[in-house]
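K.L.:
Model the structure of this input:
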Amino acid sequence: MRYWMLIGLLFSPALWAADEAEETQGPRIAHFQDSRYGYAAANLMHFNLDYDEYELTPSGLGLRLGGMVDENWGVELRLATGPSPDTRRTETRRYKVDYTVEHVGALLATGKWSFQSPVTLPGLDPYIDSFFVQGFAGVADVKVKTETRRCNALGCRTDTDRNDDTSLAFGAAMGLRTAYNIGLSLQYMQYVDKDYITVSAVEGGLEWYF
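P.N.:
All right, here's what the predicted structure looks like:
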């Protein structure tokens, strides 16, 4: 896919941060070495597809790779696919349409802010490093496949169509980071917003910081 050409953008912020850390002395070096300025994540996705004047809810899987300039600002590349379609059928079942999100590719700027828990969590405090909120904004490309199956007395016929759209994308997340550099997040993303198609998703992510 053409999005792999953008991977270099993800690593450059981490490299900039590393150069800055090498030029500083004492506590700043120790702080940078203890921080994790890159992350990789896997997301389970529940799409909301408003298409053909119908609302469909296919499922998907996504991968995210991010690099941070500092603790708050960075860029993220995400790639996803929806192997599980949603199906619309007529009452006679002679006509059905399967809706599948074939791929999602997005390049996003991200802002992230961490904070400590405002309340005591008995038994969990030693394991939770921090909570965070995160915002995303950028560009996304989404391809939706429809497979239409029509049946009559003479047999059945299947037609396949694909619609590829690029749009401004945005979203928000909240989550927690554990003391083991593993985190959990809950996200809402809107990938495409056009007059004839809207693609959004609620996503749960497992994140690894490196």
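K.L.:
ok so residue 119 is a strand residue?
P.N.:
No - read with DSSP: H, G, I helix; E, B strand; the rest coil, residue 119 is coil and lies in no strand.
K.L.:
now it: how far from residue 130?
P.N.:
14 Å (Cβ to Cβ, to the nearest Å). C-beta coordinates here come from the backbone N, C-alpha and C atoms, glycine included.
K.L.:
Between those two, which has more neighbouring residues?
P.N.:
Neighbour tally, residue 119 and residue 130, criterion other Cβ atoms under 10 Å: the higher count belongs to residue 130, 15 against 5.
K.L.:
and that one, what are its bridge partners?
P.N.:
residue 177 (DSSP bridges).
K.L.:
Could you state which residue of the chain sits nearest its centroid?
P.N.:
residue 78 (5.5 Å; Cα atoms, centre = their mean).
K.L.:
excluding its backbone neighbours, what's nearest that one?
P.N.:
Residue nearest to residue 78 in three dimensions, not counting chain neighbours: residue 64, with 4.4 Å by Cβ to Cβ, 6 or more residues apart in numbering.
K.L.:
Name the next helix or strand downstream of the lowest-mean-pLDDT helix or strand in the chain, please.
P.N.:
Lowest on mean pLDDT, DSSP states H and E among the helices and strands of the chain sits helix 27-34, with a mean of 41. The helix or strand immediately downstream of helix 27-34 is strand 38-51, counting by DSSP states H and E.
K.L.:
just checking, what packs against that next one?
P.N.:
helix 7-23, strand 54-56, strand 59-68, strand 73-84, strand 95-115, strand 128-152, strand 182-193, strand 197-209 (3 or more Cβ pairs under 8 Å, 6 or more residues apart in numbering; DSSP states H and E).
K.L.:
Output the ones you listed as TSV; include the columns distance to residue 169 and mean pLDDT.
P.N.:
Shown next, in TSV, are these (distance: least, Cβ to Cβ, whole Å; pLDDT from 0 to 100):
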stretch	distance to residue 169	mean pLDDT
helix 7-23	16	46
strand 54-56	19	90
strand 59-68	13	96
strand 73-84	9	94
strand 95-115	5	94
strand 128-152	4	93
strand 182-193	5	97
strand 197-209	9	96
